[in-house]
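Colleague: Quick one, fold the following:
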Amino acid sequence: LDEAYPERPTLFSGDGGKAMARFIERWSQLTIHPYVTTAAIMDLHAMQDEPNAAYFRQSREQRFGKRLEEVMAARDLGLGAFRASLEPLRSMLTYQPFIGGQSPLFADYIVFGALQWARIASPYRLLDDSDVVAQWFERCLGLLGGLGRKVAAAAA
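Modeller: Now for the predicted structure:
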């Protein structure tokens, strides 16, 4: 996109931004995605039609080695550890508004995407409103004319 639309704001800001995005992508997949998956597992299951729900249940129960209900039952116990795992992001956001600095880069959209997935899949609250990560997420929801907010959050 940076090459196709050079007049638009950059997503990477050069090779360093591309390398940073690769790191953030792996960090997100290893830190955020596993907890979101377990925290939202029953909500994700409920979104499926009947044939897909059966496959979803079978494949996830095989992956986790337990029933979906047991996987989700541990989410409250894991919430503190999940929030603690965001400390590097939280610390950085105390001195700059975005992962990309003063404006978002692709790395911001990677982490935002994982948290947006959680927001629309489950009403379970991953972040406390006073958390700087939650405040950053709110800023990201407002990007591009509030496009992120146009997708409704999961109902409680």
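
Colleague: Give the residue spans of this protein that score low on pLDDT.
Modeller: 156 (pLDDT under 70).

Colleague: Pick out the residue nearest the middle of this structure.
Modeller: Closest residue to the average C-alpha location of the chain: residue 114 at 1.9 Å, with Cα atoms, centre = their mean.

Colleague: looking at this, it is in a strand?
Modeller: No - counting by DSSP: H, G, I helix; E, B strand; the rest coil, residue 114 is not found in a strand; it is helix.

Colleague: And for the nearest residue to it once chain neighbours are set aside, the neighbour number?
Modeller: Setting aside the residues directly before and after it, residue 114 is nearest to residue 32 in space (Cβ to Cβ, 6 or more residues apart in numbering), at 4.3 Å. C-beta: built from backbone N, CA, C; applies to glycine. Applying other Cβ atoms under 10 Å, we find 22 residues neighbouring residue 32.

Colleague: quick one: the helices in the protein?
Modeller: 15-27, 33-39, 41-46, 50-64, 68-73, 75-85, 87-93, 106-121, 132-141, 143-146 (DSSP state H).

Colleague: buried set for the longest one?
Modeller: What that stands for is helix 106-121. 106-112, 114-119, 121 (16 or more other Cβ atoms under 10 Å).

Colleague: List the contacts of that helix.
Modeller: Outside helix 106-121, the residues that touch it by Cβ atoms under 8 Å, 6 or more residues apart in numbering are 11-12, 17-18, 20-21, 24-25, 28, 32-33, 36, 39-40, 43-44, 47, 89, 98-100, 124, 126-127, 137, 140-141, 148, 151-154.
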